[in-house]
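[1] let's see this in three dimensions:
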Amino acid sequence: MASIFIETPGDLSHPTQLILMNNMVDDFEKLHGSWGPVGTMYFVRDFVTFENYLQSDSNDYDYDPADGTTTLSAIDALKFKNEDLPSFLVWPEYDFWSGFIRLKNATPDGKQKTLEKFFFTTGYHDEDLKIWPVRGRLLKKWRAIVDKPSYATFHATVFHEDGIFLDLIDNMPTDTWQSVLGTLVCMAAVCFVFLRSLLTVAIATTCVLSICVGQSITLFVPGTGSLA
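    Numbering: from 1, shown residues only. Okay, the predicted model is just below:
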C-alpha cells in the first residue's frame, strides 16, 4: 500500500485543479496490480457525493449519501466547496476522514476553514510483490508519478513502510562486492603479518571467500533468498 501526502493541494473548488488532482490519483490506479478505486482511500470522492447530497432538492431523508450507488454527472463530480469541509468531517458516515485531512483557518476569527493538506492511500496486489526488487520497482513508479511536472504544484511525496529498505536494494550488489574485497584484503594482511605463511594466507582467504560467495548466492540468486 502506498500513502501519498499532498502538501499543497491548492483550491480544489476550481474544476481545473480538482481534475488535475483526480488525474494523479487515476495514474496510481492505472498501475499494474492496483485494486482500483475500491482499494483507494481518497476523501474527495466521498466529499463530492456529500456535496451533491446537500444540494439535492429531493428531500429524501432515507437517502444514504455514502451508499455509492448513484452515478454522478461530469459537472456534479466537480462540486467542491471548502466551506462545507467542517460539516463533512463531523458527518457520522464520513468522520473517519478527519484522520486524512488537515484544515486551516480561512478567516482571522477561525469561523471559516479551508483545506491545507491531506493524504490518500491506494492498495496493490500481485503474487510477485513478495519479491523485494519487484516492490522496489513499484515504489519507483509511484515516485515517477508524483514527480511529473504537471503535478509539481502539489508537492506530493510517497511513503511506504519498507521504503528505507527498498531504496538500499539497488546499492546492495556494489556494497556486497566492496565489502567482500575489503574483508579479503584485511584477512590476508593480518594472516601474513602474524603467520608469515603464504599457504596459511591462501587457506584463510579461500575460506572467507567461500563464505561470502555462499551468502551472496543466498541473497541474490532467484529462488534461493529473500531478495530473489
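[2] and Asp175, what's its pLDDT?
    Per-residue confidence (pLDDT) for Asp175: 80.
[3] helix, strand or coil for it?
    helix (DSSP: H, G, I helix; E, B strand; the rest coil).
[4] where do the helices sit along the protein?
    Under the criterion DSSP state H, the chain contains helices at 15-29, 43-54, 85-90, 132-146, 163-169, 172-195, 198-220.
[5] now those helices in CSV, with mean neighbour count and distance to Ile6?
    No exception for glycine: its C-beta is placed from N, CA and C like everyone else's. Below are the helices of the chain laid out as CSV (neighbours: other CB atoms under 10 Å; distance: least, CB to CB, whole Å):
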stretch, mean neighbour count, distance to Ile6
helix 15-29, 17, 8
helix 43-54, 19, 10
helix 85-90, 16, 14
helix 132-146, 17, 9
helix 163-169, 13, 18
helix 172-195, 13, 32
helix 198-220, 13, 37
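[6] weakest of these by average pLDDT?
    Across the helices of the chain, the lowest-scoring stretch is helix 198-220, with a mean of 81.
[7] for it, packing partners?
    Contact here means 3 or more CB pairs under 8 Å, 6 or more residues apart in numbering; DSSP states H and E; on that basis helix 198-220 packs against helix 172-195.
[8] helices or strands up against the helix it packs on?
    Using 3+ CB pairs under 8 Å, 6+ apart, helix 172-195 is in contact with helix 198-220.
[9] residues near Gly99, how many?
    Number of residues near Gly99 (other CB atoms under 10 Å) recorded here: 11.
[10] got the domain ranges for the chain?
    2-160, 179-220 (the TED database).
[11] dump these into JSON lines; add distance to Asp170 as well.
    Below are these laid out as JSON lines (distance: least, CB to CB, whole Å):
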{"stretch": "domain 2-160", "distance to Asp170": "7"}
{"stretch": "domain 179-220", "distance to Asp170": "12"}
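[12] how about those, which one is nearest Pro173?
    domain 179-220 (7.0 Å; CB to CB).
[13] check the offset of that closest one from the chain's centre.
    Mean C-alpha position of domain 179-220 versus that of the full chain (CA atoms, centre = their mean, to the nearest Å) differs by 41 Å.
[14] next one: stretch 32-51
    Distance of stretch 32-51 from the chain centroid (CA atoms, centre = their mean) equals 15 Å.
[15] returning to what we had before: could you export the helices of the chain as CSV, including distance to Lys117?
    Listed next are these as CSV, based on distance: least, CB to CB, whole Å:
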stretch, distance to Lys117
helix 15-29, 12
helix 43-54, 12
helix 85-90, 12
helix 132-146, 14
helix 163-169, 20
helix 172-195, 34
helix 198-220, 39
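[16] can you say which of those is nearest to Ala2?
    Comparing the helices of the chain under CB to CB, the one sitting nearest is helix 132-146, at 5.1 Å.
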